[in-house]
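[1] Build me a model from this:
(2 chains)
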Amino acid sequence: MKLELGTFPVEEVVFARETHLKWPRLELDRDELSRLARSEPGVRWASIEIAQPDDPLRIINFVDLLEVKVKVRGAGVVYPAVCDRPATTVGSGATSRLGGVAVMLCLDTANPADQPRNSSGHGQPHQDDGESKARAFRPFLDVFGPGKLPPYDELSLVCLTLQIDPALDLENRNTTAYSAALRVVDRIAGTMTALTPPETEVFDFESNHHSLPGVVFIPHLASAEWQAPSGSRSTLGPAVYGQTRLSAPWHLYPSETIDGAIFGSYGNGRPETWHLSNSPLAMELCRKHGKTIDFLGFIVQRTNWTLQSEKELMAQRAAMLAKRLNASGAIVTTNYRGQRFLETILTVQALEQAGIAATLLTEEEDNEDGAAPPLLVSAPEMTSVVSSGAGELDSSFPPVEKVIGAREPDRRWYDEQPPVHGRYGVSYVPDYYGLGHRSLEDY
Amino acid sequence: MLNPMQQASTKEPIRVLHYLNQFFGGVGGEDKANAPAEFRRGPVGPGRALQNALGNDGVVAGTLICGDNLFADEEDRAIGEVSAALRRIKPDLVIAGPAFDAGRYGYACAKISELARSLHIPTVTGMHPDNPGYTTFARQLICVPTGSSAKDVQETLIRMVPIGLKLARGQNLGPAAAEGYMPTGLRKHVRRSKPAWERAIDVLEARMAGTPWASEVSARQYRDQPVLPKARDASRTRLGLVTSGGLVPKDNPDGQVSGYADKAFRYSISGLKQLSVSEWESVHGGFNTVFLNTRSPNYVLPLPALRKLEREGRIKSIHPEFFSTVGNGTSVNSARRMGVEIAEEFTASGVKAALLVAT
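    Here you go, the predicted structure:
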């Protein structure tokens, strides 16, 4: 596969009378985009806001982040096989993208009790006592002050907030929201089609570089199959070509992922589409391909298998696939705690036992002042682990004048928010893909 | 920047107490392992190397020598004797060992560190990473790593002294790797200069090139809990039941949470043969509860099977109350506390064995 990736680095995003790319300025017709989102059946209300780095505002109810991109030459469409889009294999031809801009999808459920039980949201921003604070935590994002963290420190966010027909079930609400978001993404991306991108990179995965050390990237993506009402047909959580089901490891060309072959998120406060279609880690491996490494692609490992034997089987299959691809090194990530992490470690073990150096990039658990180990599971094979912190942010978050992500945000969201300890899954801007500088160190 | 008090203290030599076992203290070998605590003025044996390492920054005010068996066999006596010596000598710093891979010596160094810490006297020790003195007491120790060989004593003391001087002067220690001590188990938040994704690529490339790399997280396990011997005779044993499956009476009267639980609630199962969906439900947020809540809550508390065993006389009885919590995102400290509380209640009720249904 060979992909030409054109980039329009946007320096300014403004509302205007027309949606138009006057590079380096992106102009958006706010009413047109809102109408477009509302035209998706099931959408009751929609709004478009712009959040630029350093704007004193807070975003709540955010569920995913989408890069604005469009296929301008070659087969398929970006973000394939989701929301009734064609499932044609992507990753070849030419794709154009907006740099420095992304669409943030926010879902205003209006009634907190309407959220699924397994959502991390439980109603109000914060209660007063310690443990209940953890339980009541609802994710938020400040794009200014201490809360301004990668990737949001360099992205102008086009925030699409939706209210969806509450009569729809969870699956249909999810599909409706993403379909509306893709309408907006496609409309903005359409502004690039007639233009020549100022920056172009060519990622050529057709020629062999077997003399260089082979590397694979193995993200572990939780499947909602076990839990979702639609089971294996569920649309919840990250999908590979629309498939969220538990399945044997997928091998993807890196260029397929750049075109958005991995799409979707696991929900409130855990965007992943942008992270997996524009991962700095994967992009750097792409850029090193043919120069210092032979980047053999993604091996997407689904997690949430039931039996230990199933977990071990899948770890073995991923290692075998990596070996067959001629990998001598792997970077391994995970996107959820608990048994998903256990499965990730099984993959690390299987890779090392197959003679493949496996570097694990992960967040840590709460250390509880030394009472608890940093990771849920440790194995002797885990000799190279890179820590992206525990989702902590020690500073409090200043009050804001504007809150995005709800039609009528709870007044308390405008107040100063306390520091986030990062304990046990209650984290500020989870960093499963190592975008930030947060980490922990032994004392 | 040091505060004025600390700056003043840096000008005065630190008074150091050196702890040695009978072998390094020149008392004798294994035949003297029962030697009582003995204080000598000034440095003894490796203490001379310690004095050299201290230079003008400190003075070895004295040496405390104990037989290896003292802490192992007569801990109370050892603590009493060492505690009295520490109160009398009032050192600014205790240097214990190094103990290398000697288990009893390491244990003694760890206990002395603990004792000195309780008296607000900083202590530095040195051990092999596998010494039980370190592996058992790491959280309480500032311990530099050593090899197995006592011939490295001078080199080890040279590494121990700067750490000890910092502590004695009231300065905070930096990260373990930077300062040269072994991890205590405590991890602190840091901001690294490169983003994690870039460091991951660096580490992987170093590994593949065979050049040095360092892991940012070292393997550390949860604390082992020794397994008790099997109940001798189940037919004479009262069984307690615990579940982390989020099982609560219908409508959750106590408001148990679906995750991050810090409470276990007790509910009566007196006279019940089984649990029904009309009266019980699971509020667990970490697994699919549809089966439990529509078919059978007994999946997380197998009451019918246990009642059968009770009827057959294979267990004496089932404690009339079970404990229920939610094992989803619960902190280790909370889990440990709940476990202790449940165990205390069971013990007080004559429960000799418990079944924990983990989810």
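[2] What count of nearby residues applies to the closest residue to B:V217 other than its chain neighbours?
    Nearest non-adjacent residue to B:V217, counting by CB to CB, 6 or more residues apart in numbering or on different chains: A:V385, 4.0 Å away. (C-beta placed from N, C-alpha, C; glycine too.) Applying other CB atoms under 10 Å in any protein chain shown, we find 23 residues neighbouring A:V385.
[3] I'd say A:V385 and B:W213 touch.
    No - if you go by CB atoms under 8 Å, A:V385 and B:W213 don't touch, sitting 10.7 Å apart.
[4] Excluding covalently adjacent residues, which one is nearest to the closest residue to chain A within the stretch 251-359 of chain B?
    The stretch 251-359 of chain B approaches chain A most closely through B:V332 (4.0 Å), counting by CB to the nearest CB. Closest residue to B:V332 apart from its sequence neighbours, by CB to CB, 6+ apart: A:A372 at 4.0 Å.
[5] Count the residues that sit near that neighbour.
    A:A372 - counted by other CB under 10 Å - has 24 other residues nearby.
[6] Let me know the secondary structure of it.
    Taking DSSP: H, G, I helix; E, B strand; the rest coil as the rule, one finds A:A372 in the coil state.
[7] Please name the residues that touch it.
    Applying CB atoms under 8 Å, 6 or more residues apart in numbering or on different chains to A:A372 gives the contacts A:365-366, B:222, B:331-333.
[8] give me phi/psi at it?
    phi -120, psi 150 (degrees, to the nearest 10).
[9] Low-confidence bits of chain A, can you list those?
    A:110-137, A:425 (pLDDT under 70).
[10] how about the helices in it?
    A:30-38, A:130-136, A:170-189, A:254-258, A:273-277, A:280-288, A:308-324, A:339-353 (DSSP state H).
[11] Which of the ones you listed sits closest to chain B?
    Of all the helices of chain A, helix A:280-288 comes closest under CB to the nearest CB, at 3.7 Å.
[12] which residue packs closest to residue 288, ignoring adjacent ones?
    No chain was given, so I picked chain A. A:F295 (6.7 Å).
[13] Correction: the question concerned chain B.
    Going by CB to CB, 6+ apart, B:N288 has A:Q227 as its nearest residue, at 4.8 Å.
[14] pretty sure the one you found contacts B:F287?
    Yes - A:Q227 is in contact with B:F287 according to CB under 8 Å; the separation is 7.4 Å.
[15] which residues touch stretch B:109-125?
    B:19, B:71, B:75, B:78-79, B:82-83, B:86-87, B:91-99, B:127, B:133-134, B:136-137, B:140-144, B:160, B:163-164, B:167-168, B:181.
[16] And the buried ones among these, selectable in PyMOL?
    To isolate the buried members of these in PyMOL, using 16 or more other CB atoms under 10 Å in any protein chain shown:
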select buried, chain B and resi 19+71+78+79+82+83+86+91+92+93+94+95+96+97+98+99+127+133+134+137+140+141+142+143+144+160+163+164+167+168+181
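[17] and A:L98, what is it in contact with?
    Residues in contact with A:L98, defined by CB under 8 Å, 6+ apart, are A:7-8, A:10, A:21, A:26, A:67-69, A:188-189, A:192.
[18] typo on my end, it should be A:L107
    A:61, A:63, A:161-162, A:164, A:173, A:177, A:268 are the contacts of A:L107 under CB under 8 Å, 6+ apart.
[19] I'd like to know which of those residues is nearest to chain B.
    A:N268 (13.3 Å).
[20] burial count for the closest one?
    A:N268 - counted by other CB under 10 Å - has 21 other residues nearby.
[21] Leaving out chain neighbours, which residue sits closest to the residue of the stretch 51-200 of chain B at minimum distance from chain A?
    Closest contact between the stretch 51-200 of chain B and chain A, by CB to the nearest CB, is at B:A196 (3.0 Å). Using CB to CB, 6+ apart and skipping the chain neighbours, the partner closest in space to B:A196 is A:G434 (3.0 Å).
[22] Same question for A:P24.
    Nearest to A:P24 is A:E11, by CB to CB, 6+ apart, at 4.0 Å.
[23] check which helix or strand covers B:K194.
    B:K194 is part of no helix or strand when elements are defined by DSSP states H and E.
[24] With B:T135 instead?
    Short version, using DSSP H and E: B:T135 is in helix B:132-137.
[25] one step back: can you get me a residue count around the residue nearest to A:K288?
    Neighbours of A:F295 (other CB under 10 Å): 26.
[26] Okay, and the beta partners of it?
    In this entry, A:F295 is beta-bridged to A:V215, by DSSP bridges.
[27] Widest-spaced pair of the contacts of A:A372?
    Spanning the widest gap among the contacts of A:A372 are A:D366 and B:Y222, at 13.4 Å by CB to CB.
[28] between the two, who's got more neighbours?
    The residue with more neighbours, out of A:D366 and B:Y222, is A:D366; 24 against 12, by other CB under 10 Å.
[29] Am I right that B:I342 sits in a strand?
    No - read with three-state DSSP, B:I342 is helix and lies in no strand.
[30] From chain A, how far off is B:P226?
    Computed with CB to the nearest CB, to the nearest Å, the distance linking B:P226 and chain A is 18 Å.
[31] Wasn't that residue part of a helix?
    No - under three-state DSSP, B:P226 sits outside any helix and is assigned coil.
[32] Phi and psi next, for it.
    Here B:P226 shows phi and psi, under degrees, to the nearest 10, equal to phi -60, psi 140.
[33] and it, how many residues sit next to it?
    4.
[34] roughly how far is stretch B:237-251 from the heart of the chain?
    29 Å (CA atoms, centre = their mean, to the nearest Å).
[35] can you tell me the average pLDDT over it?
    Rounded to a whole number, the mean pLDDT of stretch B:237-251 is 96.
[36] Could I get the buried residue list for it?
    For stretch B:237-251, by 16+ other CB under 10 Å, it's B:237-249.
[37] What does the spatially most central residue of chain A show for phi and psi?
    When CA atoms, centre = their mean is applied to chain A, the residue found nearest the centroid is A:E272 (0.9 Å). Phi and psi for A:E272, reported as degrees, to the nearest 10, are phi -140, psi -20.
[38] residues touching it, list them.
    Applying CB under 8 Å, 6+ apart, one finds that A:E272 lies in contact with A:64, A:221, A:238, A:262, A:264-266, A:335.
[39] So which of these are in strands?
    Counting by DSSP state E, these place A:64, A:221, A:262 in strands.
[40] Quick check: the residue nearest to A:V14 when sequence neighbours are not counted vs chain B, distance?
    Nearest residue to A:V14, sequence neighbours excluded (CB to CB, 6+ apart): A:E27, at 5.7 Å. Look at A:E27 and chain B: by CB to the nearest CB, they are 32 Å apart.
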